[in-house]
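In: Please work out how this folds:
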Amino acid sequence: MRSHVKIIAVVPTKKISWHLHLLALIEKLDHVKLQIIEVDTNTKFNPSILCRFHRWFDSLISPGQNPSPISKISPIEELGVCDYVLSFVDYPPVKYFKEKIRSGTLCVKHANEESQYYSPGIWELAHEISELKTMLQFEPAICIEECQAYVSTQKTDQLSLRKNEQKFCTRAMLMLERFLFERSELSSSVYESSESRLKHQQKKALSISSFSFHIQAILDNIKEKLVYRDGWFIQISNKLNNGLMYLTPPKDRFWADPFPIEHEEKLYIFVEEWVYKEPHAHLTALELDPSHKVVSQHTVMKTDFHLSYPNVFEHKGRVYMVPESKNDKKISLYRCDRFPDKWVLEKVLMDDIFAVDTTLVWHKDKWWMFTNIDRKDGEQAINDELYIFYSDTLFSSNWKPHARNPIKSGVIGSRSAGKVFEKNGILMRPAQDGSKRYGYGILIYKILALSTTEYEEELDQEIYPDEPNGILRTHTYNTLEDLIVTDRFAFKSKY
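Out: Below you'll find the predicted structure:
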């Protein structure tokens, strides 16, 4: 097992801020030895008016946050043999360093070929694209290997170019690290990014309309914070007759993340309940009558940290729950001692972990855990990186990671949206589409292959909100016999 990897970074004489940012992050990797050289590409970098506007706006809301300095530039005469060349210029440097490269050339790209000399996010902001794409390309030094491309997407921040640049660079560093782990055998983990579902966007001229879009986004954000509250509520539909009904919470709170369960011939829906005057949400069980009206509600769990996603299920005659408790940095399994309001901690399944929307399913003599984890790039990673772990028993604190973790990387279809369920003998996985906004829509995937070394799925169904009627989000989907229970979001006025 090798102790480090040597990388030569080839940068243009006139570097862009994201080059500096990414190189500073790579320099901090313990197992990488980085050497940097400059190449004069004679390329002029002229920031657009829109780019300058965003730089100015970022300086107002977060002044003084500049890219970290990088180590000194080495003259080309001092270069030795390296494992990889990391290219930041628009021509392949392999022919210039052919005798010095052991493995091949890497290139980090964003958006499309025309935008490589611009800051990550500016293309997306100018063309109103909701997904920020990060791509790592590998060109091997020997012809017997194939070129590879790894793609991941995150949600574009419509207000801050700096935040987009930071997200892009940290994700690129994470993808590079996974690639190096795989190639250099520094770790047993294998990284394979899912294909991006980046929608085709028609090019638009960078004009006054672009500025109007960003000014409107800023004004809308201010308006939402000052005038409105989050207004999640519950929708119940029947598979047989397509009947719809809604469970609307009192004005001082919202209900989200619905998980239905039948207990002693009564229907309950466990929800995240957030009373607006309280600092965080807790879990509540809604008891419904045969006509699906709420007849009583019970506080299920209340702590000094945020709780949501009350994944409640039965196992061997007992009722268990794995709620989202990311701020506790644990994935915990609770056992119900008195339904529905008395719960005791049964087992901490994982400790010292920042995870959300953990979903468990029993399949082929194993328990499978689907969860979204933040590794290195801040809370944003929990929305677009999906991990699988497995265990022979539910009550384990030693869950083994899937060989292909993260099994999906992208803002569309990675974050869980409800229980994995069975339909016509096939496992179905609800997931979120967070490209346009957090919790924007729901995607249902067919799981075609699930083993300790394989995972494959295909899209089966898309569910999006009724935006013309003010419904802006839907991000949880669960079933119970003939019922489909989802949540919906519409703004509530504070006044």
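In: these two touch, right, Glu273 and Ala281?
Out: Yes. Glu273 lies in contact with Ala281 (C-beta atoms under 8 Å); the separation is 6.2 Å. (C-beta placed from N, C-alpha, C; glycine too.)
In: out of these two, which sits in the more crowded spot?
Out: Per other C-beta atoms under 10 Å, whichever of Glu273 and Ala281 has more neighbours is Glu273, with 27 against 22.
In: how deep is Ile49 tucked in, by neighbour count?
Out: So Ile49, with other C-beta under 10 Å, has 11 neighbours.
In: Now do it against Leu20, distance only.
Out: The spacing between Ile49 and Leu20, counted by C-beta to C-beta, to the nearest Å, is 23 Å.
In: Thr170 too?
Out: 14 Å.
In: quick one, which of those two is more surrounded?
Out: More neighbours surround Thr170 than the other of Thr170 and Leu20, with 21 against 17 (other C-beta under 10 Å).
In: how about the closest residue to Tyr309 other than its chain neighbours, what does it touch?
Out: Nearest residue to Tyr309 in three dimensions, chain neighbours excluded: Glu324, at 3.8 Å (C-beta to C-beta, 6 or more residues apart in numbering). Glu324 makes contacts with 257, 306-309, 355-358, as judged by C-beta atoms under 8 Å, 6 or more residues apart in numbering.
In: Just those: which are in helices?
Out: Assigned to helices by DSSP state H, none of the contacts of Glu324 qualify.
In: ok now stretch 350-363, how far from the chain's centre?
Out: Distance of stretch 350-363 from its chain centroid, counting by C-alpha atoms, centre = their mean, to the nearest Å, is 15 Å.
In: mean confidence score for it?
Out: Averaging pLDDT along stretch 350-363 yields 96.
In: got the buried residues for it?
Out: 350, 353-361 (16 or more other C-beta atoms under 10 Å).
In: Look up the residues forming beta bridges with Cys462.
Out: To be clear, residue 462 is Glu; Cys isn't right here. Beta-bridge partners for Glu462, by DSSP bridges, are Leu443.
In: Touching, it and Tyr440? I think so.
Out: No. Between Glu462 and Tyr440 there is no contact under C-beta under 8 Å: 11.0 Å.
In: any residues in contact with both of these two?
Out: Joint contacts of Glu462 and Tyr440 (C-beta under 8 Å, 6+ apart) are Asp433.
In: So for the two, which sits in the more crowded spot?
Out: Neighbour count, other C-beta under 10 Å: between Glu462 and Tyr440, Tyr440 has more, with 22 against 10.
In: my guess is the more buried one contacts Asp433, does it?
Out: Yes. The criterion here is C-beta under 8 Å, and Tyr440 meets it with Asp433 at 5.3 Å.
In: Overlap in contacts, the two.
Out: Common neighbours of Tyr440 and Asp433 (C-beta under 8 Å, 6+ apart) are Tyr464.
In: Helix, strand, or coil at Lys6?
Out: strand (DSSP: H, G, I helix; E, B strand; the rest coil).
In: Quick check: it touching Gln35?
Out: Yes. With contact defined as C-beta under 8 Å, Lys6 reaches Gln35; the gap is 7.2 Å.
In: Need the overlap of contacts for the two.
Out: Counting by C-beta under 8 Å, 6+ apart, the residues touching both Lys6 and Gln35 are Cys82.
In: CA-only coordinates of the host helix or strand of Phe254 in CSV, if you can.
Out: Under the criterion of DSSP states H and E, Phe254 resides in strand 253-263. C-alpha atoms of strand 253-263 as CSV (Å, rounded to 0.1, in the frame of the first residue of the first chain):
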residue,chain,number,x,y,z
ARG,A,253,-46.7,24.9,12.8
PHE,A,254,-46.1,22.6,9.8
TRP,A,255,-46.3,18.8,9.2
ALA,A,256,-43.8,17.1,6.9
ASP,A,257,-42.0,13.7,6.3
PRO,A,258,-45.1,11.5,6.7
PHE,A,259,-44.7,7.8,7.6
PRO,A,260,-47.9,5.8,7.9
ILE,A,261,-48.3,2.7,10.0
GLU,A,262,-51.3,0.6,11.1
HIS,A,263,-51.4,-0.4,14.8
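In: List the strands paired with it, with their directions.
Out: Counting by DSSP bridges, strand 253-263 is paired with strand 266-275 (antiparallel).
In: what angle separates the helix or strand where Val485 lies from strand 253-263?
Out: Assigned by DSSP H and E, Val485 belongs to strand 483-489. Going by axes from the mean of the first three to the mean of the last three C-alpha atoms, to 10 degrees, strand 483-489 is angled at 170 degrees with respect to strand 253-263.
In: And the next helix or strand after strand 483-489, how far out from the chain middle?
Out: Per DSSP H and E, the first helix or strand lying C-terminal to strand 483-489 is strand 492-493. Centroid separation between strand 492-493 and its chain, computed with C-alpha atoms, centre = their mean, is 28 Å.
In: packing partners for strand 492-493?
Out: When contacts are defined as 3 or more C-beta pairs under 8 Å, 6 or more residues apart in numbering; DSSP states H and E, strand 492-493 sits against strand 228-229.
In: Next one: Glu462 from Leu443, what distance?
Out: From Glu462 to Leu443 the distance is 6 Å (C-beta to C-beta).
In: got any residues that touch both of these two?
Out: Common neighbours of Glu462 and Leu443 (C-beta under 8 Å, 6+ apart) are Asp433.
In: what bits of the stretch 101-250 of the chain have low per-residue confidence?
Out: Scanning the stretch 101-250 of the chain for pLDDT under 70 picks out 112-117, 142-145, 184-227.
In: can you pull out the strands in it?
Out: 101-110, 131-140, 148-155, 228-229, 232-238, 244-247 (DSSP state E, counting those that start in this stretch).
In: Rebuild the ones you listed as JSON lines, extending it with distance to Lys492.
Out: Output for those, formatted as JSON lines (distance: least, C-beta to C-beta, whole Å):
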{"stretch": "strand 101-110", "distance to Lys492": "37"}
{"stretch": "strand 131-140", "distance to Lys492": "28"}
{"stretch": "strand 148-155", "distance to Lys492": "23"}
{"stretch": "strand 228-229", "distance to Lys492": "5"}
{"stretch": "strand 232-238", "distance to Lys492": "9"}
{"stretch": "strand 244-247", "distance to Lys492": "14"}
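In: Please produce JSON lines containing those, extended by mean neighbour count and distance to Glu165.
Out: Formatted as JSON lines, the strands of the stretch 101-250 of the chain follow (neighbours: other C-beta atoms under 10 Å; distance: least, C-beta to C-beta, whole Å):
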{"stretch": "strand 101-110", "mean neighbour count": "20", "distance to Glu165": "10"}
{"stretch": "strand 131-140", "mean neighbour count": "21", "distance to Glu165": "10"}
{"stretch": "strand 148-155", "mean neighbour count": "21", "distance to Glu165": "12"}
{"stretch": "strand 228-229", "mean neighbour count": "16", "distance to Glu165": "29"}
{"stretch": "strand 232-238", "mean neighbour count": "19", "distance to Glu165": "32"}
{"stretch": "strand 244-247", "mean neighbour count": "13", "distance to Glu165": "41"}
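In: Noted, bye for now.
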